[in-house]
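Undergrad: what shape does this take:
(one chain, ligands or ions: 2)
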Amino acid sequence: MANDKISRCKQEALLRRINKFLAPLPFFFINLLILVIICFEFLVVLPYEIEVRGFYTFMALVAGGIYIIVNIYYHLAKAAFTNPGSPRKSDQAPLCNVCDNYKPHTVHHCSICRQCVIRMDHHCLLINSCVGLHNHRHFFQFLAFLFLGCFYALLSGFYTIYYNIFT
Ligand SMILES: [Zn+2]
Ligand SMILES: [Zn+2]
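TA: Ligands and ions are numbered 1, 2, ... in the order given. I've put the predicted structure just below:
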């Protein structure tokens, strides 16, 4: 019986160590993916576009692109590294049966983060953190700028796509 408990503890410790090693990988992957797309945009698409667009249009495209890139990385970093928000320490009811701490109506316990999160939306694997009260805004802005970036890539690469695929 005691041996069983020890082996289960060892198993849990091993799983925790594997999780600690694997959990940041999706965050690393999403950063790399965005970087590859940016490199493609700036090294392949924009040098082609300068041949067919006016100088001022091209400069406006570069400025707009940099603005979107800065915002994407800023909000991604903020969403990933801001604490989503935990309830204050108190033994007031109702209690979370894992943390043994005060758990108001809008709070959920995340079993991956091992903490209670205020206004928890979901545990996001891509940012390796929960989306809660304090980082919900940054997470949403990251998605919005990502969408804007896709739109920008379509708009800025219009001639590249048009001349190389449709003619
Ligand atoms: Zn909890
Ligand atoms: Zn979580």
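
Undergrad: residue nearest the middle of the protein, spatially speaking?
TA: Centre of the chain computed as the mean C-alpha position; nearest residue by Cα atoms, centre = their mean is residue 127, 3.8 Å away.

Undergrad: right, and it touches residue 24 too?
TA: No - contact status for residue 127 versus residue 24: not in contact, 10.0 Å apart, counting by Cβ atoms under 8 Å. Using the backbone N, CA and C atoms, a C-beta is placed for each residue, glycine as well.

Undergrad: about what we covered before: contacts only, for the spatially closest residue to the residue nearest to the centre of the chain that is not a sequence neighbour.
TA: The shortest distance from residue 127 to any residue that is not its chain neighbour, by Cβ to Cβ, 6 or more residues apart in numbering, is 4.0 Å, and that residue is residue 80. With contacts taken as Cβ atoms under 8 Å, 6 or more residues apart in numbering, residue 80 has the following neighbours: 27, 127-129, 135.

Undergrad: also residue 84?
TA: Residue 84 makes contact with 113, 117-118, 120, 129-136 under the criterion Cβ under 8 Å, 6+ apart.

Undergrad: ok, so of the residues you listed, who is nearest residue 65?
TA: residue 135 (25.4 Å; Cβ to Cβ).

Undergrad: helix or strand right after the longest helix along the chain?
TA: What stands out as the longest helix in the chain, according to DSSP state H, is helix 55-81. Stepping forward along the backbone from helix 55-81, the first helix or strand reached (DSSP states H and E) is strand 107-110.

Undergrad: what's the first helix or strand after that next one?
TA: The next secondary structure element downstream of strand 107-110 (using DSSP H and E) turns out to be strand 115-118.

Undergrad: in that next one, what counts as buried?
TA: In terms of neighbour count (16 or more other Cβ atoms under 10 Å), strand 115-118 has its buried residues at 115-118.

Undergrad: next: stretch 136-147.
TA: Of the residues in stretch 136-147, those buried under the neighbour-count criterion (16+ other Cβ under 10 Å) are 136, 138-139, 141-142, 145-146.

Undergrad: can you dump the C-alpha atoms of it in PDB for me?
TA: Extracted as PDB, the C-alpha positions of stretch 136-147 are listed here (Å, rounded to 0.1, in the frame of the first residue of the first chain):
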ATOM      1  CA  HIS A 136      -7.800  38.500 -21.600                       C
ATOM      2  CA  ARG A 137      -7.400  41.900 -23.300                       C
ATOM      3  CA  HIS A 138      -3.900  41.100 -24.500                       C
ATOM      4  CA  PHE A 139      -4.900  37.700 -25.800                       C
ATOM      5  CA  PHE A 140      -7.800  39.200 -27.700                       C
ATOM      6  CA  GLN A 141      -5.600  42.000 -29.100                       C
ATOM      7  CA  PHE A 142      -3.000  39.400 -30.200                       C
ATOM      8  CA  LEU A 143      -5.700  37.600 -32.200                       C
ATOM      9  CA  ALA A 144      -7.100  40.800 -33.600                       C
ATOM     10  CA  PHE A 145      -3.600  41.900 -34.800                       C
ATOM     11  CA  LEU A 146      -3.000  38.400 -36.200                       C
ATOM     12  CA  PHE A 147      -6.200  38.800 -38.200                       C
END
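
Undergrad: thanks a lot, see you next time.
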